[in-house]
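A.B. asks: sequence unknown, structure follows:
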DNA sequence: CGCCGCTATACATACGTATTCACCCCGATT
DNA sequence: AATCGGGGTGAATACGTATGTATAGCGGCG
């Protein structure tokens, strides 16, 4: 067990070449002859040799590692990372591996300038920023990142802060599609559950799509039909209660988040309103619970795989090309029972 | 932007000391006087200096990084990482940060001996293995890990394979608690939904706890009341169908996983069986959807935070002390509507 | 026949840190 | 008074790799 780990010199000795040749052979340098390369590869295989990433990184001045940073100030105990981020995790890791990068993971919470540590200390070549919504309060942080030349990409609505490359779902189109689907099902008074306030920029885009769909059908959005709700079950319930309190009639709900939609659904069911017969519901996100609810929830599905891969792509582009463009990902309407036409 | 990153020599020059002194001051070496240390710290702060982890790791021969490895051969597209693992993620990251380690994340899928790369290439000092269930097929892999002196810890039932330190929930006790709760609610014919076959060792422990609770009440488990089900909604539905086909009467179900429990619930509701009046249900895992189902699902809650921290603790212990003991974590019964006494 | 150009390899070195050893200064001991 | 000891610091070095530069072999051309 005390046996020393093999180095490129050991491989060189075994293959009968010099250390630099080993390095070149393993990194695919074309100036190494095929025969020599084969000998080196065989020797490396035999000794279970793996390039020491510390030494390699030191020499090359980069780590071929990406850092993933969650901003989640809302969830103190941390159990509640946005499930959509979690579903991007797998695709991100795979994409990284495919591109020859590793993925380091972290939270913005412990120390206030934790985020810069990764690139400053060369642990990572760039950072993926994942935060639910409001980047406005983080703007100074982003500026510091730019100032230091740190490569980064972020997820979310590009609308608010124009700094760095952004990857996001086409929330506006999703809102449009969901609303149009309800309209095509014959619904005429469609409530919007979800705040249009800053802090949730995605929600604002979804609201805009909702408005556009209404207008495309010759209707005007009615402020009375909009009930504020954060992405939580209770908030969805409360929004329904608020709508009822106002006394406005509605035959459909478009909720800007699935959890609020499920809360709204529960509130309606408690009151004996049939779903989808009396009220049709469409959510947004397609969380796992959406297909498990009864009735199963229609929703706007975000492309988690595409999102994860796009983030990694964009960051690698930023690192290797120096700059990256933002990306807008298409969403897909998933129709289930909760919005079926009566 | 082209400015070179500061090195310990720059700090040394600014603080009027030598480079070794900078290194000592920053690593808390007591042989540096308090006054010198303060000067060095101030200089480091001023230049935004951060220790280069590549160089540091190269010199010290370790990386202070832990690798997290998911084994998920079942989910080909990867969107479906066990949600419980995902909920451990936050706590693990935080615990790592607290202990001065970083966390690297990966999947076992791409290349068959990917796993060993991390320690072989010094990217990580140890590995956390996360796989749903069956380690038997991975036994050769674990042996290779031991053989090479790689430090690792794994999550799951320690029962099957006795190799390396294991962290797991007390599944047997959870099964006991859930069953006892149903018995105390006056239920007498309690079905078990979830396979007791190898491949899901956790399920086997939950089954054992179920049996122990029955026997403690003077009853004997009835094989007719056990329906195989994997952790999936369809599988839960199918299990109920199977029970009905057999014609056995039951007034409660203990499901070894929440998703199967929700599937069973849906199947019963479709048939018009009232929950919990006619059939009480308890699941296992406490996934987010459990509290969102209607009625909300009673379940056995696993301690995600404790689990994540225990895994990190155990691995660091293995790395720094050379060996680590296994840990068994308590579970907690969470009673919701689905198992209320009529 | 000598020189040129090309290919394949070896030699030398730098990356930034942590550590071993030597050193110096100063107060205390013999 | 000379030496000893220890706290604090500096000089030198090694970690393992990647790369710029030099060198050996070798065929072709004038």
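C.D. replies: The structure has been received and is ready for your questions. Worth saying up front: this structure is predicted, and the values here are computed from it rather than measured. Residues are numbered from 1 along each chain as shown, chains lettered A, B, ... in the order given.
A.B. asks: rest of the way, CA atoms for contacts and neighbours
C.D. replies: Noted.
A.B. asks: Next up, identify which helix or strand the residue nearest the centre of chain A is on.
C.D. replies: By Cα atoms, centre = their mean, chain A has its centre lying nearest to residue A:85, at 4.7 Å. In this structure, residue A:85 sits in helix A:83-98 according to DSSP states H and E.
A.B. asks: Now do that helix: which elements does it pack against?
C.D. replies: strand A:102-108, helix A:304-321, strand B:102-108 (3 or more Cα pairs under 8 Å, 6 or more residues apart in numbering or on different chains; DSSP states H and E).
A.B. asks: Can you lay out these as a markdown table showing distance to residue A:26?
C.D. replies: Listed next are those as a markdown table, based on distance: least, Cα to Cα, whole Å:
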| stretch | distance to residue A:26 |
| --- | --- |
| strand A:102-108 | 19 |
| helix A:304-321 | 21 |
| strand B:102-108 | 23 |
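A.B. asks: nearest to DNA strand C, of the ones you listed?
C.D. replies: Nearest of those to DNA strand C, taken as Cα to the nearest atom of the strand: strand B:102-108 at 15.3 Å.
A.B. asks: so does the closest one get close to chain A?
C.D. replies: Yes: contact of strand B:102-108 with chain A (Cα under 8 Å from any Cα of the partner chain) involves B:102, B:103, B:104, B:105, B:106, B:107.
A.B. asks: Tell me the one among those nearest to chain A.
C.D. replies: Within the residues of strand B:102-108 next to chain A, distances to chain A taken as Cα to the nearest Cα reach their minimum at residue B:104, with 4.5 Å.
A.B. asks: My read is that the closest one contacts residue B:67, right?
C.D. replies: Yes: at 4.5 Å, residue B:104 counts as touching residue B:67 under the criterion of Cα atoms under 8 Å.
A.B. asks: For whatever residue of the stretch 101-250 of chain A ends up closest to DNA strand C, grab the count of nearby residues.
C.D. replies: Residue nearest to DNA strand C within the stretch 101-250 of chain A: residue A:121 (8.1 Å; Cα to the nearest atom of the strand). Neighbours of residue A:121 under the rule other Cα atoms under 10 Å in any protein chain shown: 18.
A.B. asks: For burial, what's the neighbour tally of the spatially closest residue to it that is not a sequence neighbour?
C.D. replies: Excluding the flanking residues, the one nearest residue A:121 by Cα to Cα, 6 or more residues apart in numbering or on different chains is residue B:52, at 4.7 Å. By the criterion of other Cα under 10 Å, residue B:52 has 23 neighbours.
A.B. asks: just residue A:9 next, same as before
C.D. replies: By the criterion of other Cα under 10 Å, residue A:9 has 16 neighbours.
A.B. asks: One more: the one 4 residues further on?
C.D. replies: Neighbouring residues of residue A:13 were enumerated by other Cα under 10 Å; the total is 14.
A.B. asks: now the one 4 residues further on
C.D. replies: As a burial measure, the neighbour count of residue A:17 was computed by other Cα under 10 Å and equals 15.
A.B. asks: how would you label it: helix, strand or coil?
C.D. replies: Of the three states, residue A:17 takes coil under DSSP: H, G, I helix; E, B strand; the rest coil.
A.B. asks: Report pLDDT for it.
C.D. replies: Confidence at residue A:17, expressed as pLDDT, is 90.
A.B. asks: From DNA strand D, how far out is it?
C.D. replies: 12 Å (Cα to the nearest atom of the strand, to the nearest Å).
A.B. asks: And the strand or helix carrying residue A:234, what does it pack against?
C.D. replies: Per DSSP H and E: residue A:234 is located in helix A:233-246. Using 3+ Cα pairs under 8 Å, 6+ apart, the elements in contact with helix A:233-246 are strand A:226-227, helix A:258-270.
A.B. asks: Quickly compare those and say which is most buried.
C.D. replies: helix A:258-270 (a mean of 24; mean count of other Cα atoms under 10 Å in any protein chain shown).
A.B. asks: How much space separates the closest residue to DNA strand D within the stretch 201-342 of chain A from residue A:144?
C.D. replies: The stretch 201-342 of chain A approaches DNA strand D most closely through residue A:320 (13.6 Å), counting by Cα to the nearest atom of the strand. Per Cα to Cα, to the nearest Å, residue A:320 is found 21 Å from residue A:144.
A.B. asks: can you pull out the strands in chain A?
C.D. replies: In chain A, the strands defined using DSSP state E lie at A:65-71, A:102-108, A:126-131, A:152-155, A:165-169, A:190-193, A:226-227, A:252-255, A:280-285, A:298-301, A:327-329, A:332-334.
A.B. asks: correct me, but residue A:275 touches residue A:295?
C.D. replies: Yes: counting by Cα under 8 Å, residue A:275 touches residue A:295, with 7.3 Å between them.
A.B. asks: any shared contact partners between those two?
C.D. replies: With contacts defined as Cα atoms under 8 Å, 6 or more residues apart in numbering or on different chains, the residues shared by residue A:275 and residue A:295 are residue A:338.
A.B. asks: Which pLDDT value does the model give residue A:296?
C.D. replies: At residue A:296, the pLDDT recorded in the model is 92.
A.B. asks: Roughly how far does it sit from DNA strand C?
C.D. replies: From residue A:296 to DNA strand C the distance is 55 Å (Cα to the nearest atom of the strand).
A.B. asks: What is the burial count for that residue?
C.D. replies: For residue A:296, using other Cα under 10 Å, the count is 16.
A.B. asks: Count residues in the vicinity of residue A:144, would you?
C.D. replies: Using other Cα under 10 Å as the criterion, residue A:144 is surrounded by 12 other residues.
A.B. asks: and the gap between it and residue B:10?
C.D. replies: Remark: distance between residue A:144 and residue B:10 (Cα to Cα) = 22 Å.
A.B. asks: and the residue of the stretch 201-342 of chain A nearest chain B?
C.D. replies: Proximity of the stretch 201-342 of chain A to chain B (Cα to the nearest Cα) peaks at residue A:289, 4.8 Å away.
A.B. asks: and stretch A:186-200, what's its mean pLDDT?
C.D. replies: 86.
A.B. asks: what about it, start to end distance?
C.D. replies: Stretch A:186-200: ends 30 Å apart by Cα to Cα.
A.B. asks: Just the buried residues of that stretch, please?
C.D. replies: Neighbour counts over stretch A:186-200 (16 or more other Cα atoms under 10 Å in any protein chain shown) mark A:187, A:189, A:190, A:191, A:192, A:193, A:194, A:195, A:196, A:199, A:200 as buried.
A.B. asks: returning to what we had before: mind putting the helices and strands packed on helix A:83-98 in CSV, mean neighbour count and mean pLDDT included?
C.D. replies: Shown next, in CSV, are these (neighbours: other Cα atoms under 10 Å in any protein chain shown; pLDDT from 0 to 100):
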stretch, mean neighbour count, mean pLDDT
strand A:102-108, 22, 82
helix A:304-321, 21, 93
strand B:102-108, 22, 82
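A.B. asks: Specify the stretch among these that is closest to residue B:47.
C.D. replies: Minimum separation from residue B:47 across those (Cα to Cα) falls at strand A:102-108, 22.5 Å.
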